[in-house]
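Trainee: model the following, please.
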Amino acid sequence: MKQTIVAAAAAVAFMGGSALAADLPAKAPYYKAPQGGYFNWTGCYVGGNVGAESARGKFTTDVGSGSHLSLQTNRDRVSAAGTGSDRDTGLIGGGQVGCNFQREYFTLGVEGDFSGLGADPSIRGTGVLTTADPFTITNTVKNDWLATVRGRAGLTVDRSFIYATGGAAFSRFHYSQVYTDTLSGPTTGAFDGSKTKTGWVIGAGWEYAFTHNWSVKAEYLHVSFSNLGANGRIFAAGSGNSNVTSGTVREHMDIVRVGLNYRFGGFYY
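Mentor: Predicted coordinates for the structure are as follows:
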């Protein structure tokens, strides 16, 4: 009799447990995993990049009063010829380091990069003074290097990371101006201003991990800097007359590049 009661109780417990398990909600899927587990973007990395840079320089020139270009009309003509904008395209390449932290589908990161670049926007203006003497004025801006420190934030689906990025940009500028005319004999003027400037950068990109540790990326960045100014003097060797000149340049860059990263501690879980 006792054995019958125990067997009946066990049967009831088993049936009740099965019914309770059936009523429990199923665990929500994380996302479809590749064979071997779930890919995780958390970790630090180092890599390199190469691409194209399109830089636009906006130049302004102002010729002050003086004994060489004594007429305001001539000063206005030279100032107008030395004012304008130009866009130049060149190669860009360098390296980057960064770290990511993934939380489910969302990933945050920080990245720093340093690049050499080859674009140098330049304008060359020509004209004729009221005395019928021709003149030429040339403005050029060149960057020795570009560095950025940016945050990255976006969505990750297994091996793909789609992100927005933004932060601070730094670059070493060289801004130069050269002037010549034939009034009162050979006349020349020049200045060369150099400075490290701070600006801002925004952009977006896509990164894909093709192994646990290696990934490739494609990225667009827009970089902007404030004005850089410089001063010089126009000097006529024959007469000794001169004028003070000043100029400014403002530069924007659009960058498209691809990169390769090696991530330390890449893993599935």
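Trainee: can you show me the strands along the protein?
Mentor: Secondary structure of the chain (DSSP state E): strands located at 39-40, 43-66, 84-103, 106-117, 122-128, 134-157, 160-181, 187-209, 214-224, 228-236, 242-263, 267-268.
Trainee: where does the prediction get shaky in the protein?
Mentor: 1-37, 266-269 (pLDDT under 70).
Trainee: need the strands of the chain in TSV with mean neighbour count and distance to residue 77, can you?
Mentor: Placement of C-beta: from N, CA and C, glycine included. Shown next, in TSV, are these (neighbours: other C-beta atoms under 10 Å; distance: least, C-beta to C-beta, whole Å):
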stretch	mean neighbour count	distance to residue 77
strand 39-40	20	64
strand 43-66	18	9
strand 84-103	16	14
strand 106-117	18	34
strand 122-128	15	5
strand 134-157	19	8
strand 160-181	19	10
strand 187-209	17	14
strand 214-224	18	31
strand 228-236	18	13
strand 242-263	20	13
strand 267-268	13	68
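Trainee: and stretch 178-189, how far apart are its ends?
Mentor: End-to-end distance for stretch 178-189, by C-alpha to C-alpha, to the nearest Å: 6 Å.
Trainee: pull the distance from that stretch to the chain's centre.
Mentor: Taking C-alpha atoms, centre = their mean, to the nearest Å, one finds the center of stretch 178-189 at 39 Å from the center of the full chain.
Trainee: what's in contact with that stretch?
Mentor: Stretch 178-189 is contacted from outside by 68-69, 78, 82, 129, 131, 133-138, 177, 190, 232-239, 241, 243, 245, using C-beta atoms under 8 Å, 6 or more residues apart in numbering.
Trainee: format the strands of the chain as TSV; extra columns: distance to residue 74.
Mentor: Listed next are these as TSV, based on distance: least, C-beta to C-beta, whole Å:
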stretch	distance to residue 74
strand 39-40	68
strand 43-66	8
strand 84-103	19
strand 106-117	37
strand 122-128	9
strand 134-157	9
strand 160-181	9
strand 187-209	12
strand 214-224	34
strand 228-236	11
strand 242-263	9
strand 267-268	71
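Trainee: touching, residue 125 and residue 137? I think so.
Mentor: Yes: assessed by C-beta atoms under 8 Å, residue 125 is found in contact with residue 137 at 5.0 Å.
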